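Undergrad: Give me the fold of what follows.
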Amino acid sequence: MDEFDPAPEPDRQRWQAGTDTFGRVYDVLLGTTAPTPYAEIAETADCSPNAAKKHLDRLTEMDIARADTDGQPARYARNDAYFEWQEASRIAREHSVDDIVERVHELETKRSAYEERFDATDPSGVSAFDADGHDAVHERMAAIGDWQGIVREIRLYELARQITQNDGHLIPA
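TA: Residues are numbered from 1 along each chain as shown. As a prediction, this is how the structure comes out:
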């Protein structure tokens, strides 16, 4: 084994002993944000490409993964919408509708402050580099990142509110 091997054999053996192939492919998929060839996922999950593809296809059927099978080789990435749904469901379980509505109100107030500060309604249209000096650019980048987080959190809490108000469903039953 090369001393620079990113996954030394003892760690790999411990992973294999405690996790089946499906679990390893799932774990690797969680860190896959860009479409990645299934053979690369297999290599990281320490399994055959055929096994990885089989499990990735199953994860795609479950909407946990996104698949791009038009090109060759097939590429896979995690489905962020699935994980957002999971997070919104957790919020719905842990908070009352009143708590959720109050949190959304707090977040909307913060969002409005950023919209006024940057004279824009969407943080993706604001450049961090429209500032003079390194510190000002850095501060602006942090503010834009915070604003993006607030927008995401509003979306999650709104989804949680809908789930809570509709007895666990997104739309009324």
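
Undergrad: tally of neighbours for the closest residue to residue 55 other than its chain neighbours?
TA: Nearest residue to residue 55, sequence neighbours excluded (CB to CB, 6 or more residues apart in numbering): residue 25, at 4.2 Å. Just so you know, the C-beta spots here come from the backbone N, C-alpha and C atoms, and that holds for glycine as well. By other CB atoms under 10 Å, the residues close to residue 25 number 28.

Undergrad: Now do the SS call for residue 25.
TA: Under DSSP: H, G, I helix; E, B strand; the rest coil, residue 25 falls in the helix class.

Undergrad: So it is in contact with residue 60, correct?
TA: No. Applying CB atoms under 8 Å, one finds residue 25 not in contact with residue 60, separated by 11.5 Å.

Undergrad: which residues of this structure score low on pLDDT?
TA: Residue ranges of the chain with pLDDT under 70: 1-17, 169-170, 173.

Undergrad: give me that answer again for 80
TA: Low-confidence segments of the chain (pLDDT under 80): 1-18, 167-173.

Undergrad: domains in it, as residue ranges please.
TA: The record's domain split for the chain, according to automatic domain parsing, is 9-78, 82-165.

Undergrad: Ends of the longest one, what's the gap?
TA: Using CA to CA, to the nearest Å, the span of domain 82-165 from its first residue to its last is 20 Å.

Undergrad: How about stretch 111-129?
TA: From start residue to end residue, stretch 111-129 stretches across 20 Å - CA to CA.

Undergrad: Please identify the buried residues of it?
TA: Across stretch 111-129, burial judged by 16 or more other CB atoms under 10 Å covers 111, 114, 118, 123, 126, 128.

Undergrad: What lies in contact with it?
TA: With contacts defined as CB atoms under 8 Å, 6 or more residues apart in numbering, stretch 111-129 is touched by 137, 140-141, 143-144, 146-148, 150-151, 154.

Undergrad: Contact partners for residue 43?
TA: Residue 43 neighbours (CB under 8 Å, 6+ apart): none.

Undergrad: That one belongs to a helix?
TA: Yes. Per three-state DSSP, residue 43 lies within a helix segment.

Undergrad: Could you give me the buried positions within the lengthiest helix in the chain?
TA: In the chain, with assignment by DSSP state H, the single longest helix is helix 134-165. Across helix 134-165, burial judged by 16+ other CB under 10 Å covers 140, 143-144, 147, 150-151, 153-154, 156-157, 159-164.
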